[in-house]
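A.B. asks: Whatever this is, show me its structure:
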Amino acid sequence: MAGPAFDETAHDYDEIHQKLVKSSGFPVRYLNEQKARELHRALSGHSAFPLPAPAILDYGCGVGNIDPFLRKYFPGSRICAVDVSEESIAIAKSKHEAFDISYAVIDAAGNDLPFGDSFDLVLACGVLHHIPREGLPQAFSRIKAHLKPGGLLFIFEHNPYHPAIQWMFKNQEIKYDPRAAMLKPRYLREQLAKAGYIPARARYALFFPRFLSALLPLEKHMTGIPLGAQYYVTAENAKIQ
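C.D. replies: Residues are numbered from 1 along each chain as shown. Sure thing, here's the model as predicted:
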């Protein structure tokens with residue numbers, strides 16, 4: 001991740017993101033809430049994660065657009081968020097003062113996170129495709145150092161097999177980050193396993209555009225079908241025996 005590069009687009013981020021998801025017909029706010037809701041739903045059914053108020057770290061939070069929804073779905077949780085972009089963190093702090101979220105800037109060199117606590121849950125939402133592949137092991141190691149044994153890393157990424165996402169990424173997203181590269185679910189799971197996590201199978205989300213809103217209740221039953229615009233992987237930090 002390149003902090004200065006994202007500093008340049010921080011104030012335009014909401015407008016840029018809305019352009020990227022224009023074909024869905026939904027506002028960015030709706031899509032962020034859907035991700036937080038899917039996170040809550042997935043954790044509710046996770047046998048190793050019964051905590052009602054997990055300590056959460058939003059890793060690579062940008063301007064923090066998902067954070068109010070993390071607060072909504074995990075109301076009793078301690079929520080922290082970090083990013084390499086100073087400008088993005090400043091905006092997030094200003095926008096979300098009322099949500100009791102701790103924000104901090106991190107650098108891209110792999111130094112320690114600014115929070116001494118260990119977390120039950122780390123969320124990386126649309127972050128990893130901005131990290132060069134050779135940097136993924138370092139990022140996973142960095143996260144693991146702040147994830148409790150048995151804690152979960154929850155990753156949301158673009159589905160590289162989705163035609164509309166392929167077009168969006170090739171024609172729009174790489175304009176803002178030319179180094180970005182989508183990650184295939186299998187590759188991501190392999191890298192997580194190499195880093196010492198226990199990754200679950202990929203699940204899918206965000207299937208229907210707005211004009212098919214009547215079908216939205218079906219989405220929770222479709223997570224095993226690789227047709228969603230996004231996929232997610234949960235990966236457990238193996239417990240010490």
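A.B. asks: Give me the helix or strand of this protein that scores worst on average pLDDT.
C.D. replies: Ranked by mean pLDDT, DSSP states H and E, the weakest helix or strand in the chain is helix 3-9, scoring a mean of 62.
A.B. asks: what ranges do the helices span in the chain?
C.D. replies: Using DSSP state H, the helices found in the chain span residues 3-9, 13-20, 28-44, 67-73, 86-95, 136-144, 163-168, 174-176, 185-194.
A.B. asks: can I get these in JSON lines with distance to Ala205 and mean neighbour count?
C.D. replies: Using the backbone N, CA and C atoms, a C-beta is placed for each residue, glycine as well. JSON lines is the format used below for the helices of the chain (distance: least, Cβ to Cβ, whole Å; neighbours: other Cβ atoms under 10 Å):
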{"stretch": "helix 3-9", "distance to Ala205": "24", "mean neighbour count": "16"}
{"stretch": "helix 13-20", "distance to Ala205": "16", "mean neighbour count": "16"}
{"stretch": "helix 28-44", "distance to Ala205": "5", "mean neighbour count": "18"}
{"stretch": "helix 67-73", "distance to Ala205": "14", "mean neighbour count": "19"}
{"stretch": "helix 86-95", "distance to Ala205": "23", "mean neighbour count": "18"}
{"stretch": "helix 136-144", "distance to Ala205": "21", "mean neighbour count": "18"}
{"stretch": "helix 163-168", "distance to Ala205": "12", "mean neighbour count": "14"}
{"stretch": "helix 174-176", "distance to Ala205": "23", "mean neighbour count": "15"}
{"stretch": "helix 185-194", "distance to Ala205": "13", "mean neighbour count": "16"}
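A.B. asks: With distance to Glu236 added, can I get those in a markdown table?
C.D. replies: Shown next, in a markdown table, are those (distance: least, Cβ to Cβ, whole Å):
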| stretch | distance to Glu236 |
| --- | --- |
| helix 3-9 | 30 |
| helix 13-20 | 30 |
| helix 28-44 | 12 |
| helix 67-73 | 20 |
| helix 86-95 | 28 |
| helix 136-144 | 11 |
| helix 163-168 | 27 |
| helix 174-176 | 32 |
| helix 185-194 | 10 |
